[in-house]
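The amino acid sequence is not available; the structure is as follows:
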């Protein structure tokens, strides 16, 4: 209420300021060219921007946006791969394309948001989002950068139907972890495509605890997962629900390839697992009937199974939060929805915290959490 509009508040702000926006609709284009945080004025509210949102980024600039209901986002970056800018989106929804991408140096941290069109990012951490358009990630467009940041993709819902749902291109030297996601129905293209090149391979790719639903019945072959050029590829503890012409996994130019503890409703002869210089294909189950739930639970990545519970990998890093053997699919692992929200008697229970809203966001008051888990019990 102190300014005529969002842009006038941005123009008046200094680096590091917070801007609180009333839960109303605002008309006009917005350009954020400072280190700023945008919050809804009221707890749980959202504000609407009817106009283009542009993020003007330079080295070490951070922009935080919470509670935005907007159209699309575009960005520009002035810098190089030795430095970076950061964009954090939390609890937002976008109806048009979101592009936070310069090819190498923008770090995006996106939580609990919904995207209804295409998304283009550099290196990123994606947790708890819904993607109704294609997601394109370009972590390292230039092979002259030997140390790109990691790609972390946890507990998201991918529901795009017209082309590959998740594309990670220019994955040179990258470490990629894709866990506990729900890839829902793709009729004619891959669910995941990851590509580097022969001289600059991805370092390590781990794809675990995901649900893949593929319904392609055409004359050609499509894949749940296609990976080209990686030194280490681990595909474990996933559930593949495939149609007749879906071929599961396709790989090329892989060093160590490990495919274990996966379930599929296809027969082994109809499910291509790919190859590697050194490969392990073991402990997988084929043609096992699992009931598939198509209710609103899908928004959380849940499934109900008649078989396959607690039959996944026993690797210590894949243990459930209650320290039992890891479940198949999105039930298990360190980033599953159930681990965040269900009761647990273990030492590492994660709690839903209720903290007065304005104690967090009012200027001058900061609460720091040094861990994503809280030790409740001794």
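Perfect, I can see it now. Owing to the predicted nature of the structure, the values given are computational and were not obtained by experimental measurement.

okay, CA-based contacts and neighbour counts for the rest of this
OK.

Test my guess that residue 35 contacts residue 65.
No - taking Cα atoms under 8 Å as the definition, residue 35 is not a contact partner of residue 65, at 11.0 Å.

and the two? which has more neighbours close in?
Applying other Cα atoms under 10 Å to residue 35 and residue 65 shows that residue 35 carries more neighbours, namely 22 against 18.

quick one: contacts for that one?
Going by Cα atoms under 8 Å, 6 or more residues apart in numbering, residue 35 touches 14, 15, 16, 17, 61, 62, 63.

and those, which are buried?
Buried by 16 or more other Cα atoms under 10 Å: 61, 62, 63, out of those.

From these, pick the one nearest residue 2.
Nearest to residue 2 out of the buried ones among the contacts of residue 35 is residue 63 (Cα to Cα; 21.3 Å).

For the closest one, list each beta-bridge partner.
Per DSSP bridges, residues listed as beta-bridge partners of residue 63: residue 36, residue 87.

can you pull the contacts of it?
Neighbouring residues of residue 63 by Cα under 8 Å, 6+ apart: 32, 34, 35, 36, 37, 86, 87, 88.

Next, residue 8: phi, psi?
Dihedral angles of residue 8 (phi, psi; degrees, to the nearest 10) stand at phi -70, psi -30.

Quick one: distance of stretch 57-67 to the chain centre.
With Cα atoms, centre = their mean, to the nearest Å as the basis, stretch 57-67 stands 19 Å off its chain's centre.

what's the average pLDDT for that stretch?
For stretch 57-67, the mean per-residue pLDDT is 93.

Could you number the chain from 857 rather than 1 from now on?
Renumbered: residue one is now 857, and that last one reads stretch 913-923.

from what I can see residue 908 touches residue 884, true?
Yes - using Cα under 8 Å, residue 908 is in contact with residue 884, at 7.3 Å.

who's more crowded, these two?
Just comparing residue 908 and residue 884: by other Cα under 10 Å the higher neighbour count belongs to residue 908, 16 against 12.

Compute the distance between that one and residue 1042, please.
As judged by Cα to Cα, to the nearest Å, residue 908 and residue 1042 stand 30 Å apart.

Is residue 863 located within a strand, as I assumed?
No - Residue 863 is assigned helix when assessed by DSSP: H, G, I helix; E, B strand; the rest coil, not a strand.

Burial check on the nearest residue to it once chain neighbours are set aside, number of neighbours?
Among residues not flanking residue 863 along the chain, residue 886 sits closest, at 5.8 Å (Cα to Cα, 6 or more residues apart in numbering). Neighbour count for residue 886, taken as other Cα under 10 Å: 20.

contacting residues for residue 1006?
The neighbourhood of residue 1006, defined by Cα under 8 Å, 6+ apart, consists of 979, 980, 1030, 1031, 1032, 1033.

Specify the beta-bridge partners of the closest residue to the third one other than its chain neighbours.
Nearest-residue entry for residue 1030: residue 1058, 4.8 Å, with adjacent residues in sequence omitted and distances by Cα to Cα, 6+ apart. The residues paired with residue 1058 through beta bridges, assigned by DSSP bridges, are residue 1086.

go on, the one 10 residues further on?
With DSSP bridges applied, the residues forming beta bridges to residue 1068 are residue 1039, residue 1096.

Tell me the predicted confidence for it.
Model confidence at residue 1068 (pLDDT) stands at 88.

Where does pLDDT dip in the stretch 857-1006 of the chain?
937-938 (pLDDT under 70).

mind redoing it with 80?
The stretch 857-1006 of the chain contains residues with pLDDT under 80 at 857, 899-900, 935-939, 959-960, 998-1005.

Can you show me the helices along it?
For the stretch 857-1006 of the chain, the helices defined by DSSP state H, counting those that start in this stretch occupy 862-868.

And for the stretch 1057-1206 of the chain?
Assigned by DSSP H, counting those that start in this stretch, the stretch 1057-1206 of the chain shows helices spanning 1193-1197.

Strands of that one, start to end?
Secondary structure of the stretch 1057-1206 of the chain by DSSP state E, counting those that start in this stretch: the strands cover 1058-1064, 1067-1069, 1081-1092, 1095-1097, 1105-1116, 1119-1120, 1134-1138, 1141-1142.

Run the angle between the fifth one and strand 1134-1138 for me.
Put simply, strand 1105-1116 runs at 70 degrees to strand 1134-1138, going by axes from the mean of the first three to the mean of the last three Cα atoms, to 10 degrees.
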